[in-house]
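*Asks:* Need a 3D model of the sequence below.
(2 chains)
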Number of protein chains: 2
Amino acid sequence: MSDEKLGKVAGNGLISRRHLLKVGASGAGLALSAGALGADQGLSFQIPTWSRQPGPGATAYGARSPFADDLQRLAAQPNPTYPGGGSSRSPLQHLQGTITPNSLHFERHHAGVPNIDPSQHMLVINGLVRQPLAFRYEDLLKYQMVSRIHFLECSGNSGALLRGEIGGSAQSLHGLVSCAEWTGIPLSTLLDEAGVLPEAAWVAAVGADAASMGRSIPLTKALDDVMVALYQNGEAVRPGQGYPMRLFCPGWEGNVSVKWLTQIKVTQEPAQFRDETSKYTDTLQNRSSYQFTFPMGTKSLITSPSGEMTLNQPGIYQITGIAWSGRGSIRQVEVSADGGKTWAEAAIQGHQLDRALTRFTIPWEWNGGDAILQSRATDSRGSIQPTRSDVIASRGTLSFYHNPCIQSWQVGPAGEVRNVYV
Amino acid sequence: MSDEKLGKVAGNGLISRRHLLKVGASGAGLALSAGALGADQGLSFQIPTWSRQPGPGATAYGARSPFADDLQRLAAQPNPTYPGGGSSRSPLQHLQGTITPNSLHFERHHAGVPNIDPSQHMLVINGLVRQPLAFRYEDLLKYQMVSRIHFLECSGNSGALLRGEIGGSAQSLHGLVSCAEWTGIPLSTLLDEAGVLPEAAWVAAVGADAASMGRSIPLTKALDDVMVALYQNGEAVRPGQGYPMRLFCPGWEGNVSVKWLTQIKVTQEPAQFRDETSKYTDTLQNRSSYQFTFPMGTKSLITSPSGEMTLNQPGIYQITGIAWSGRGSIRQVEVSADGGKTWAEAAIQGHQLDRALTRFTIPWEWNGGDAILQSRATDSRGSIQPTRSDVIASRGTLSFYHNPCIQSWQVGPAGEVRNVYV
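*Replies:* Residues are numbered from 1 along each chain as shown, chains lettered A, B, ... in the order given. Here you go, the predicted structure:
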């Protein structure tokens, strides 16, 4: 079939996102003769066992199919010198849409997951307020709440790409990003109740885990869209996500969305907690560091085909992936199959919500030759995802956090897909 | 505090949705003296065990807190004469936001849940097509997909309210509605590939369960927004939802979103399957019936306070609930605390998406006296949720399916909440 007929829109096989796959071109349906249904294809249409007898009935709590229950997060191995420290990475290459199921949402802990009895947990608001207050979990359930679909990304996500050659999958390289519907109380409601004093400029949020995770957040953000989240995708936030309550700071690096939240202290200056001085800063080549670089960048990632997958044969594949921005919604995603020489606009597959994962897709014909697949996001403010070279040119090679760079997946002659730098 | 100061906006205690709760009025925060933190309230600020020692580290699959894992669906008792038949109802009164976690999404089965091996499952498209086709699961995964957040509601949901006096909770009376992000292939893509013949006007969808659930769908709908759904909230659709694939017909009664989908036959006339003649029709008082009444109505429900809950004491409560329409998005939800005499506009708590659950909330001061709480939704087309009397006046008392009527929760003198008809 000619390139024109297939609607080729960029180099090395990218096909218009509006292209419908037809029989004879690339439709995957197996043709049947109407007479002997399937006999000509060697297909068996015997009535399967499960259609012959009733299956088990209603259950109180649903589970996955035994044919699909091997989908897991990639959990860090225990480290005796850092008890409870580590992460669980989302299996991005096997997920679809934009919502992450709660059991597969990424986690990052600094002292493991505390098993908190909500009746013994308190949230205290103090510092530069007219009236210090303490809230019990059951008190907080009485407040008016807001619900928002937002991504959450660890600032260390994709950081390894700045450190040198590395193999891996979408999960192992980029699996510290997920997306959920978060429901909770605007922090501004609780701060208003305590009465913020005029000299206040920051809040210090502290968790009840054994790391006493503490982070400083500008008061402007705290009064804007930060919430005390009590629910994730409809149910109570889980222990790995901060049960019974966590802070949620939309668009900002995950670490400031302090889990197991137990204190908000209103202050004039940032608290300079351990985890905002020794970590979570961006060190430049001259050894000076940016601090409080909160918003996550404009970013995208092809999740299929992706690292450690293999394309079995030349033909048409659906490229799909996710895009997000810490400062707005996703306006556009472009895809290249020739390492960035030419680009085609991908289709957006669902909603384009503010600071939420957005799913894109575009068909691609792999001719069996070399290909380098990339995606490039543009957000609602016009901010364009940078290349890895751009990031290194502007920050050097010492920084680790906040890497939004374009991911390059090379497809080799045997169809093997791997991370490369171009 | 005066009604004016509290921002009363309708009878019997409804407060403006813009009202912020302040200390001294109704804030739930406990005042602390800055000096001896909490001592004056008898509060203990001993450092809890879970803050003293690291908890367990990263896991491959997340779970709920042991303090929150009793949240379950209400599963029908097994019925020996109807093996596998029954339903599991979502615990609406304990959920928040709009997304339902997959394990708590309602289910309704006619012959239980088949345990389908996807490698042995086929989707056949035949009938009035140029080329009958068969699709394996792995073939379908190659197609371009769409993602949409939509509610799903069983047409029998809330039907018991038309049959007479009944007690119950939001879950037992209305728990056959849930909401998820569904990802799949537009059915139009597969029908285009098979080539629909000019005389076609319906499709017949058949499931692979032992009930051979079959439903007829007009071709116009099938070519519009129906999808073959493979993913729910990011992960493979679960067995209780049709693994490995189900039909999804946005806005229409749940039963036509045929689970375990194995055949789409294109036809000129509806197939008149058992489950569209003996069931799922709306019988009028004169014993004639409406058939193929697919779209679900404009509807809302207060989930808290709701049936079988008890208000412990007079004071301010956050009324919250869900609203949805099978024909559009939700434009407005009004709430009454005096059985429909006066109404106030509720706040919308999150997104207002097309044919998706929408969360509303409004503060209410219960003075300890009688109250009847109601909510009333208006959708984007201007369609207004009817009262129970409206429904009975237009359809009589023989129908059971498609009841969108306003729910009335009576709050009794001891704070007990129950279903009543007004």
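*Asks:* in chain A, which ranges drop under the pLDDT threshold?
*Replies:* A:1-6, A:18-26, A:33-45 (pLDDT under 70).
*Asks:* which residues of it fall in helices?
*Replies:* Using DSSP state H, the helices found in chain A span residues A:3-6, A:137-140, A:170-174, A:187-194, A:219-224, A:274-277, A:388-395.
*Asks:* Which of these has the highest mean neighbour count?
*Replies:* Ranked by mean neighbour count, those are led by helix A:170-174 with a mean of 24 (mean count of other CB atoms under 10 Å in any protein chain shown). Yep, even glycine has a C-beta here, placed from its N, CA and C like the rest.
*Asks:* for the closest residue to A:Gly297 other than its chain neighbours, what are its contacts?
*Replies:* Distances taken as CB to CB, 6 or more residues apart in numbering or on different chains place A:Pro404 nearest to A:Gly297, at 3.2 Å, with adjacent residues excluded. The contact partners of A:Pro404, by CB atoms under 8 Å, 6 or more residues apart in numbering or on different chains, come to A:Ser158, A:Met296, A:Gly297, A:Thr298, A:Lys299, A:Gln385, A:Pro386, A:Val391.
*Asks:* Tell me who's in contact with the nearest residue to A:Gln272 once chain neighbours are set aside.
*Replies:* Leaving aside its chain neighbours, A:Gln272 sits nearest to A:Ser216 (7.4 Å; criterion: CB to CB, 6+ apart). Residues in contact with A:Ser216, defined by CB under 8 Å, 6+ apart, are A:Trp202, A:Val203, A:Ala204, A:Ala205, A:Thr267, A:Pro270, A:Ala271, A:Gln272, A:Phe273, A:Glu276, A:Phe292.
*Asks:* next one: A:Thr361
*Replies:* A:Arg17, A:Gln318, A:Ile319, A:Thr320, A:Gly321, A:Ala346, A:Ala347, A:Gln349, B:Gln144, B:Met145.
*Asks:* Top of these by number of neighbours, please.
*Replies:* A:Gly321 (29 neighbours; other CB atoms under 10 Å in any protein chain shown).
*Asks:* what are the bridge partners for it, then?
*Replies:* In this entry, A:Gly321 is beta-bridged to A:Ile302, A:Phe360, by DSSP bridges.
*Asks:* And the strands in the stretch 151-300 of chain A?
*Replies:* For the stretch 151-300 of chain A, strands defined by DSSP state E, counting those that start in this stretch occupy the ranges A:177-186, A:202-207, A:214-218, A:227-232, A:235-236, A:246-248, A:261-267, A:282-283, A:289-290, A:299-304.
*Asks:* what does the stretch 1-150 of chain A give?
*Replies:* Using DSSP E, counting those that start in this stretch, the strands of the stretch 1-150 of chain A run over A:8-10, A:14-15, A:30-31, A:74-75, A:86-89, A:107-109, A:122-127, A:133-136, A:146-153.
*Asks:* Show me what the last one pairs with in its sheet, parallel or antiparallel.
*Replies:* Read it as strand A:146-153. Per DSSP bridges, strand A:146-153 is paired in its sheet with strand A:177-186 (antiparallel).
*Asks:* in the stretch 201-350 of chain A, what residue is nearest chain B?
*Replies:* Proximity of the stretch 201-350 of chain A to chain B (CB to the nearest CB) peaks at A:Gly350, 3.3 Å away.
*Asks:* correct me, but that residue touches B:Met145?
*Replies:* No - using CB atoms under 8 Å, A:Gly350 is not in contact with B:Met145, being 9.1 Å away.
*Asks:* Quickly list what's touching both of those two.
*Replies:* Here A:Gly350 and B:Met145 have B:Thr183 as joint contacts, going by CB under 8 Å, 6+ apart.
*Asks:* So which bits of the stretch 151-300 of chain A are right by chain B?
*Replies:* Residues of the stretch 151-300 of chain A lying near chain B by CB under 8 Å from any CB of the partner chain: A:180-183, A:189-190, A:192-195, A:208-212, A:230-231, A:233-236, A:238-241, A:243-244, A:260, A:262.
*Asks:* got the contact list for the closest residue to A:Ala414 other than its chain neighbours?
*Replies:* Nearest residue to A:Ala414 in three dimensions, chain neighbours excluded: A:Thr310, at 7.2 Å (CB to CB, 6+ apart). By CB under 8 Å, 6+ apart, the contact list for A:Thr310 reads A:Ala414, A:Gly415, A:Glu416, A:Val417.
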